[in-house]
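Undergrad: Need coordinates for the below:
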Amino acid sequence: MKDSVDIYRVKSLYYSIIFFYSFQIDPTACAVGINENSEDGVKFIAFQNGNVLNVQASKLPASNQYTVELFEISGKLVSRKNVVSTTNSFETTISANGLASGVYLLRIGTPDFQKVAK
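TA: Model (predicted):
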C-alpha cells in the first residue's frame with residue numbers, strides 16, 4: 001500500500017479579502033497531526049479550561065492585528081476573533097460552549113504569516 005499525502009485548504013476572510021491557506025498532513029512523519037515548523041521561533045499554545053479555550057502566542061513576527069480562527073477538522077469555521085498583539089505577543093479566549101468533543105484546528109495569522117495548531 002502506498003502512503004499518500006493529503007492537502008487541506010482553509011478559506012479565511014480577512015478585511016473582506018478571501019485568503020486560501022494550505023497545509024499538508026504527512027502520514028509517514030507522524031500518526032496524526034500537522035508537521036510544525038519550529039524554526040520561526042513563534043510560541044503558540046492553546047488549552048481548554050472549562051468552557052473556555054485559552055490561546056497564547058509570543059515571539060510573533062510583528063505587533064499587528066492577528067486573526068484567531070477555530071475550525072472543525074472538516075474545515076468548517078467555528079469561531080473567528082481579531083486580536084491586536086502588543087510587544088509581539090497576545091493572549092485571548094474563545095468560548096467552547098456548545099462545541100462537540102473532537103479535534104479542532106486553531107489558526108492565528110495575518111496576510112503575511114500563519115500558524116496552525118491542533
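Undergrad: CA only for contacts and neighbour counts going forward, please
TA: Will do.
Undergrad: Can you name the residues that contact Thr67?
TA: 14, 80-83, 107-110 (CA atoms under 8 Å, 6 or more residues apart in numbering).
Undergrad: Could I get those in CSV, plus columns for distance to Ser74?
TA: Below are those laid out as CSV (distance: CA to CA, whole Å):
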residue, distance to Ser74
Tyr14, 20
Arg80, 16
Lys81, 20
Asn82, 22
Val83, 25
Arg107, 14
Ile108, 18
Gly109, 19
Thr110, 22
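Undergrad: can you tell me which of those residues lies nearest to Leu99?
TA: Among those, Arg80 lies closest to Leu99 (CA to CA), at 14.2 Å.
Undergrad: does that closest one sit in a helix, a strand or a coil?
TA: strand (DSSP: H, G, I helix; E, B strand; the rest coil).
Undergrad: coming back round to it: any idea which of the contacts of Thr67 is least confident?
TA: Of all the contacts of Thr67, Tyr14 carries the smallest pLDDT score, 49.
Undergrad: follow-up on the earlier one: wait, which of the contacts of Thr67 is closest to Ala100?
TA: Arg80 (17.3 Å).
Undergrad: which residues of the chain fall in strands?
TA: Here the chain has its strands, by DSSP state E, at 6-14, 17-25, 43-49, 52-58, 65-72, 77-84, 90-95, 104-110, 113-117.
Undergrad: For Leu70, give the beta-bridge partners.
TA: Ser79, Leu106 (DSSP bridges).
Undergrad: ok, now which ones touch Leu53?
TA: Counting by CA under 8 Å, 6+ apart, Leu53 has contacts 46-47, 93-96.
Undergrad: and it, what are its bridge partners?
TA: Going by DSSP bridges, Leu53 forms beta bridges with Gln48, Ile94.
Undergrad: List phi and psi for the residue nearest to Leu60 when sequence neighbours are not counted.
TA: In space, and not counting its chain neighbours, Leu60 is closest to Asn88: 4.8 Å by CA to CA, 6 or more residues apart in numbering. In terms of degrees, to the nearest 10, the main-chain angles of Asn88 are phi 60, psi 30.
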